[in-house]
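K.L.:
Sequence below, structure please.
(one chain, ligands or ions: 1)
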Amino acid sequence: MSEVQNIGIVGGGQVAQTIGNKMLTLGLAVMISSRDLDSDRDLGPRGKLPSVNQWASQHTAAGLKAFGGSFSQAAEFGEVVFNCTAGVGSVDALTAAGEHNLADKILVDLANPLDFSQGMPPTLAVCNTDSLGERIQAHFPQARVVKALNTVSAGVMVDPKLVTGAHDIFVAGNDVEAKEWVSHILLREWFGWERINDLGDITAARALEMYLPLWLQLFQMLQTPYFNIQVVR
Ligand SMILES: NC(=O)c1ccc[n+]([C@@H]2O[C@H](COP(=O)([O-])OP(=O)(O)OC[C@H]3O[C@@H](n4cnc5c(N)ncnc54)[C@H](OP(=O)(O)O)[C@@H]3O)[C@@H](O)[C@H]2O)c1
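P.N.:
Below you'll find the predicted structure:
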């Protein structure tokens with residue numbers, strides 16, 4: 001794959017901005033996106049997140065290549081595209097992003113199909129015999145979907161050293177070359193991950209997404225999002 005310069009992020013929330021910030025520090029051009037470019041986001045006790053347009057203008061003022069746009073503008077912009085949307089809305093968001101804008105591109109899917117409609121704790125909107133990753137691959141057959149990073153919190157995705165000691169991240173997908181790019185360039189070279197485990201085809205997204213109930217339980221117990229799995233044998 002030729003050198004990637006432009007990153008398109010479908011979504012404008014905490015994960016989109018965290019990944020976007022990291023990509024900007026690497027000198028890449030980034031477009032994050034939303035259906036509402038001007039509203040900031042209330043994170044409850046964690047404060048507020050800037051709107052997509054505020055995020056872009058703050059970084060542009062610092063001389064970085066940051067842009068805000070619609071879901072379809074971001075998907076068109078990216079040579080590699082990230083799905084950073086709420087899992088229950090991901091297929092709708094990616095449909096709005098446009099199948100043609102995703103065709104032949106690596107689509108890193110880090111979303112979790114958490115359904116908060118019945119309150120806390122959330123349930124999985126899809127599980128056991130299907131997964132969000134598979135649904136996305138089935139809806140967008142020409143996209144090169146790689147499930148990755150959904151098992152750690154946003155900060156840890158781009159800075160694994162936030163968790164001490166050796167710990168593991170996973171990839172799953174049908175396209176071997178796409179998984180290699182995600183493993184070697186995105187995860188190892190750009191984000192600093194050392195222990196990257198290929199779980200196989202996109203059906204392994206079931207297991208990666210079904211880890212979430214345990215992640216949420218551990219978060220409650222540890223009172224920090226900075227933890228991860230260490231695979232030992
Ligand atoms: N937060 C973390 O640390 C973390 C860690 C691992 C994985 N994840 C996963 O990463 C994803 C993003 O998480 P987040 O916390 O950044 O964001 P979020 O607040 O859950 O949602 C981010 C984006 O989803 C879009 N969205 C929500 N419902 C939609 C719908 N029905 N149709 C179209 N778009 C919709 C929103 O669009 P608008 O801007 O237009 O409202 C927003 O841009 C989630 O799937 C989450 O489970 C999060």
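
K.L.:
Assess the claim that Gln142 and Glu99 are in contact.
P.N.:
Yes. Contact criterion Cβ atoms under 8 Å: Gln142 and Glu99 qualify, at 7.2 Å. Using the backbone N, CA and C atoms, a C-beta is placed for each residue, glycine as well.

K.L.:
and the residue of the chain found nearest the ligand, how many neighbours?
P.N.:
Among the residues of the chain, Gly89 lies closest to the ligand, at 2.3 Å counting by Cβ to the nearest ligand atom. Summarising burial for Gly89: neighbours were counted as other Cβ atoms under 10 Å, giving 14.

K.L.:
doesn't it fall inside a helix?
P.N.:
Yes. Using DSSP: H, G, I helix; E, B strand; the rest coil, the secondary structure at Gly89 is a helix.

K.L.:
This structure against the ligand: which residues are in contact?
P.N.:
Counting by Cβ under 6 Å from any ligand atom, the chain comes close to the ligand at 11-16, 34-36, 84-87, 89, 92-93, 110-112, 114, 150, 153-154.

K.L.:
Which among those count as buried?
P.N.:
In terms of neighbour count (16 or more other Cβ atoms under 10 Å), the buried residues within those are 11-16, 34, 84-87, 93, 110-112, 114, 150, 153-154.

K.L.:
need the helix or strand of the protein with the lowest average pLDDT.
P.N.:
Considering only helices and strands, the least confidently modelled element of the chain by mean pLDDT, DSSP states H and E is strand 41-42, at a mean of 90.

K.L.:
Tell me the strands beside that one, with direction?
P.N.:
Each strand paired with strand 41-42, and its direction, by DSSP bridges: strand 48-49 (antiparallel).
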